[in-house]
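*Asks:* fold the stuff below for me.
(one chain, ligands or ions: 2)
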Amino acid sequence: MLEIKGLNQFYGGSHILRDVSITAEIGKCTVVLGRNGVGKSTLLKCLMGQLPIKSGTISLNQNEIQTLTPENRVREGLAYVPQGREIFSMLTVEENILIGMARFSAKKSSKVPEYLYELFPVLLEMKHRRGGDLSGGQQQQLAIARALAAEPKVLILDEPTEGIQPSIIKDIGRVIRKLADRGDMAIILVEQFYDFAEELADAYIVMARGEVVASGPGAEM
Ligand code: ATP
Ligand code: MG
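*Replies:* Ligands and ions are numbered 1, 2, ... in the order given. Got it, this is the predicted structure:
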């Protein structure tokens, strides 16, 4: 279980995150909803150690991790797919996925695990193509596959539906559901697209102006 407690963060003089507390349980998809600029991505960057926090604690299975470097948080099991599609455009699909394993997984391998291609059949078809040649939707799937290659305990997705066509959104939704149901990782999904979020949410959190303003089980969304 991942627990964020009393997180505060500032940019210059502005108070961007105010006393944010969130729990994400293993085997569940926890959705964080909120409009543009409310602080969703900032929250994830704090979680990953990419931004310093003013106060608060972050613990993974009861161990506090807020003092760890970003790399060590990834080694501890946090996998992050940032907003926008960060892939290595000159490397092949296969190489992009293997980078996720080589850097962060205890199990080094030169082979992409079969199940990743089963989750994303399009990546198998395209495995020798360059990342830069894929469509936006395919790149998003590649970014998720690369995060999964590190066998994370917590998969953190920042608006994976942004700029993606409905059929691919459905595919991504099915993968997220499957991963949550596997029961061995917590998923934190940041979204603005309500329908997609509602379908996947086992628990939800709504943010406004840097604060959590509502939360509950997914059924109440
Ligand atoms: P979106 O849905 O558009 O991605 P968001 O909820 O992810 O929005 P954030 O990116 O977390 O929003 O931004 C929260 C606030 O912090 C915004 O007002 C934004 O302008 C501000 N902000 C973000 N990054 C910085 C930065 N590097 N320096 C100063 N202010 C920033
Ligand atoms: Mg954002």
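
*Asks:* need the helices for the protein, in chain order.
*Replies:* 40-48, 70-76, 93-104, 114-119, 121-125, 136-148, 166-182, 194-200 (DSSP state H).

*Asks:* averaging pLDDT over each of these, which comes out lowest?
*Replies:* When these are ranked by mean pLDDT, helix 93-104 comes last with a mean of 84.

*Asks:* okay, the helices of the chain in CSV with distance to ligand 1 and mean neighbour count next?
*Replies:* For every residue, glycine as well, the C-beta is placed using N, CA and C. As requested, these are exported to CSV (distance: least, Cβ to the nearest ligand atom, whole Å; neighbours: other Cβ atoms under 10 Å):
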stretch, distance to ligand 1, mean neighbour count
helix 40-48, 3, 22
helix 70-76, 16, 16
helix 93-104, 23, 21
helix 114-119, 25, 14
helix 121-125, 26, 16
helix 136-148, 15, 23
helix 166-182, 16, 16
helix 194-200, 12, 17
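
*Asks:* mind putting these in JSON lines, distance to A24 included?
*Replies:* Listed next are those as JSON lines, based on distance: least, Cβ to Cβ, whole Å:
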{"stretch": "helix 40-48", "distance to A24": "10"}
{"stretch": "helix 70-76", "distance to A24": "14"}
{"stretch": "helix 93-104", "distance to A24": "19"}
{"stretch": "helix 114-119", "distance to A24": "21"}
{"stretch": "helix 121-125", "distance to A24": "26"}
{"stretch": "helix 136-148", "distance to A24": "15"}
{"stretch": "helix 166-182", "distance to A24": "11"}
{"stretch": "helix 194-200", "distance to A24": "13"}
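
*Asks:* what's the closest of the ones you listed to ligand 2?
*Replies:* Taking Cβ to the ion as the criterion, helix 40-48 is the member of the helices of the chain that comes nearest to ligand 2, at 3.1 Å.

*Asks:* ok, the nearest residue to G131 once chain neighbours are set aside - contacts?
*Replies:* Nearest residue to G131, sequence neighbours excluded (Cβ to Cβ, 6 or more residues apart in numbering): I87, at 4.2 Å. I87 makes contact with 96, 131-132, 134, 139, 142-143, 146, according to Cβ atoms under 8 Å, 6 or more residues apart in numbering.

*Asks:* how far away is D133 from ligand 1?
*Replies:* 27 Å (Cβ to the nearest ligand atom, to the nearest Å).

*Asks:* burial count for that residue?
*Replies:* Neighbour count of D133, defined by other Cβ atoms under 10 Å: 12.

*Asks:* tell me the contacts of it?
*Replies:* M126.

*Asks:* any idea how far I16 is from G39?
*Replies:* Noted for I16: a distance of 5 Å to G39, by Cβ to Cβ, to the nearest Å.

*Asks:* V112 now?
*Replies:* Using Cβ to Cβ, V112 is found at 35 Å from G39.

*Asks:* which one's more surrounded, these two?
*Replies:* For V112 versus G39, neighbours defined as other Cβ under 10 Å are more numerous around G39 (25 against 22).

*Asks:* pull out the buried positions in stretch 82-94.
*Replies:* 82, 85, 87, 92-94 (16 or more other Cβ atoms under 10 Å).
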